[in-house]
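**Q** the following block contains a protein sequence and its predicted model.
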Amino acid sequence: MAFQQGLSGLNTSSKALDVTSNNIANASTVGFKGASTHFADVYAASLNGSGASQVGIGAANSAIAQQYTQGNITTTSNSLDIAINGGGFFRMSQNGAVTYTRNGQFHVDAKGFIVNDQTDNLTGYPADANGNVVPTTAQPLQISTASIAPQSTGSTSEGVTAQLQLDSTKSAPVTAWTSPTGTNAPETDTYNYSTALTIYDSLGNPHTATMYFVKSTPAATDPTGTTGAWDVHYQIDGTSEANVTSGASRLAFDANGKLLTTMPLAFSIDLNQVITDLDPLDVNDAGSPLAFNFDFTGTTQYGSSFAVNKLTQDGYAAGNLAGLSVGSDGIIKGNYSNGQTKNLGQVVLCNFTNPNGLLAMGNNSWIETADSGQPQIGTPDSGTLGVLQSGAVEDSNVDLTAELVNMIVQQRNYQANAQSIKTQDQIMQTLVNIR
C-alpha cells in the first residue's frame, strides 16, 4: 500500500515549505543566509538484498543546508555598520562565549565596547597608546574616548616645510626693511611678499608665524655667482622680530632659479617673551624656546608671479574624538576635532573549513561544532577572508522570486502526495466493498 510513501512525501514537502517560509520571512534580515532542503529516497532493508523489483517506501529530508553566498551591500548612515564583502564571519563574545555572525550592525555601548543588538562584543586586535595595532589574542574591542594629546611643531623631523615660487623680476623695496618691535607690523613698502601659517607649542596653543620676503639689493647678493637672493624675516603672533632666531635669513638661488642655501634651517622662538609682548600681565608659560627645523627645499626663483606651493607643519592642538571609521582592512580609526586620526583597533574575521557544520543559534549567529572545524582567525583581506565596508550592511541573500516559485513547487508536491493517499484510500474502499 502507498500510504507510507504518500505520508513521507507530505512530511518532506511540509519540511521544505517550512524552510522556504523561513527564507521568505527573513528576506529583509541583515546578514541572513538562506537555506535549501535536500531530499533522499528511502528503501526498506532486506535480508535477501535488493533486486530490480525493489520499490521505495518514500522520501526523507537528508539535510537542510544553508547557502553562504554573498548578499547585496546596502549603505547606511552609521559608520559602525560594517559589511563583509567576501568570506568570513565576525567573531562575537559574550562573557567568554564565542559566536559568529554576518550581521554587521554595531554600535558603542556605555563602556565604549563595540556591540551588536544582542550586546555581544565585537572582537579584534587592540591598538596601543601610539596607535599601533599588534595581532594578539582576539579580544572585545573598546573605543577610547580620551582626547588626543597636542603635539608641538618640531616633534618630528618634518618641522615646517615651505615650497615657494619667488618672482625673479621683482626689485628690492624702495624703503629698507626695519625690524618691527612690540606688536607693530612692518610697513608694507619694506617687503615684497608675505605668507603665514599656524604653529603649535607643547601645550597645543596655536601661534601665527608670519614670513616676510625681501628681495636683496645687487650689492647685497651672495657671492659665488648667485643671481638673486631673498632675505626672510619672521614674526610670531605679530610681536617683535627679536623673539625669533633662525639659522639663516637669506635664500640664495643659482642662475637656473634653484635654491642654493643649505636646508633645513634651525629655528627657535622665545615664547615667554612673545606672551609678555602680547600681555605683560599674562603668566601663562607655554614653554621656551620652541625649536624646530624650517625647510625651504623646493623653493624656486623664476620669472613668474609669487606662489605658495606647499606650507605645512607637524604640530597640532589637542582634539576630542569626533567620529569613527573602519577601513577595508578592519582598522578602526578615531577622527578627532583637530583633524588628526588615530588607530583604535582592528576587527578580525573568522572562517571555517565547513561552514555548513556551524550550528545556528538564532539572532543571526552561529557557533562552531566538530563538523565545522575550528575557526581560522585573521585580518580582513587576507587569505580567504573578505574585505570590510564601513557604513554599509550585507542584505539577506534570499532570492525572493526564487523562493516564491519554490513555494509553488512544494505546494504542488504536497497536493500530489495528498492525492496519492486519496487514491490509495479509494482502492482500499473498493476492496472493502467486495462482496
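**A** Great, that's in hand. Residues are numbered from 1 along each chain as shown.
**Q** ok, how many other residues are close to the nearest residue to residue 199 once chain neighbours are set aside?
**A** Excluding its sequence neighbours, the residue lying closest to residue 199 (CB to CB, 6 or more residues apart in numbering) is residue 153, at 4.1 Å. Backbone N, C-alpha and C define where each C-beta goes, glycine included. If you count neighbours by other CB atoms under 10 Å, residue 153 ends up with 28.
**Q** with residue 22 instead?
**A** Neighbour number of residue 22 under other CB under 10 Å is 15.
**Q** now name the helix or strand holding it.
**A** helix 3-25 (DSSP states H and E).
**Q** wait, residue 202 sits on residue 150?
**A** Yes: at 7.2 Å, residue 202 and residue 150 qualify as touching, with contact defined as CB atoms under 8 Å.
**Q** domain boundaries for this protein, per the record?
**A** 3-69+397-432, 74-143+325-394, 160-313 (automatic domain parsing).
**Q** in TSV: those, plus mean pLDDT and distance to residue 319.
**A** Output for the domains of the chain, formatted as TSV (pLDDT from 0 to 100; distance: least, CB to CB, whole Å):
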stretch	mean pLDDT	distance to residue 319
domain 3-69+397-432	85	33
domain 74-143+325-394	94	3
domain 160-313	86	9
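**Q** confirm residue 408 sits in a helix?
**A** Yes: per DSSP: H, G, I helix; E, B strand; the rest coil, residue 408 lies within a helix segment.
**Q** what's the burial count for it?
**A** Counted with other CB under 10 Å, residue 408 comes out at 10.
**Q** how about stretch 202-214: buried residues?
**A** 202, 204-205, 207, 209-214 (16 or more other CB atoms under 10 Å).
**Q** from those residues, which is closest to residue 111?
**A** Taking CB to CB as the measure, residue 204 is the one of the buried residues of stretch 202-214 closest to residue 111, at 27.9 Å.
**Q** ok, which stretches of the stretch 201-350 of the chain are helices?
**A** Assigned by DSSP state H, counting those that start in this stretch, the stretch 201-350 of the chain shows helices spanning 271-278.
**Q** isn't residue 189 up against residue 172?
**A** No: Residue 189 is not in contact with residue 172 according to CB under 8 Å; the separation is 11.3 Å.
**Q** with neighbour numbers in mind, choose between the two.
**A** Neighbours of residue 189 and residue 172, each counted by other CB under 10 Å, are more numerous for residue 172; the result is 18 against 10.
**Q** what about that one, distance to residue 187?
**A** 14 Å (CB to CB, to the nearest Å).
**Q** what of residue 409?
**A** In terms of CB to CB, residue 409 sits 91 Å off from residue 187.
**Q** do the same with residue 430
**A** 122 Å.
**Q** now do the strands in the stretch 301-435 of the chain.
**A** Applying DSSP state E, counting those that start in this stretch to the stretch 301-435 of the chain gives strands spanning 307-313, 321-326, 331-336, 341-347, 349-351, 359-362, 365-367, 376-378, 387-390, 392-394.
**Q** can you tell which of those strands is closest to residue 253?
**A** For residue 253, the closest of the strands of the stretch 301-435 of the chain is strand 307-313, at 15.3 Å, according to CB to CB.
**Q** pull up the pairing partners for the closest one, direction included.
**A** strand 160-167 (antiparallel) (DSSP bridges).
**Q** which residues are contacting whatever helix or strand comes next after the strand it pairs with?
**A** Counting by DSSP H and E, the next helix or strand C-terminal to strand 160-167 is strand 193-200. If you take CB atoms under 8 Å, 6 or more residues apart in numbering as the criterion, strand 193-200 is touched by 150-153, 160, 162, 164, 166, 206-213, 290, 292, 306, 308, 311-313, 315-317.
**Q** tell me which of the buried residues of stretch 202-214 is nearest to residue 38?
**A** So of these, ranked by how close each gets to residue 38 (CB to CB), first place is residue 204, at 64.6 Å.
**Q** which one is that closest one nearest to, not counting chain neighbours?
**A** Once chain neighbours are set aside, the closest to residue 204 by CB to CB, 6+ apart is residue 150, at 2.7 Å.
**Q** in the helix holding residue 22, what counts as buried?
**A** For helix 3-25, by 16+ other CB under 10 Å, it's 5-6, 8-13, 15-17, 19-20, 23-24.
**Q** check the residues you listed and tell me the two furthest apart.
**A** 5 and 24 (28.4 Å).
**Q** and stretch 339-346, how far out from the chain middle?
**A** 9 Å (CA atoms, centre = their mean, to the nearest Å).
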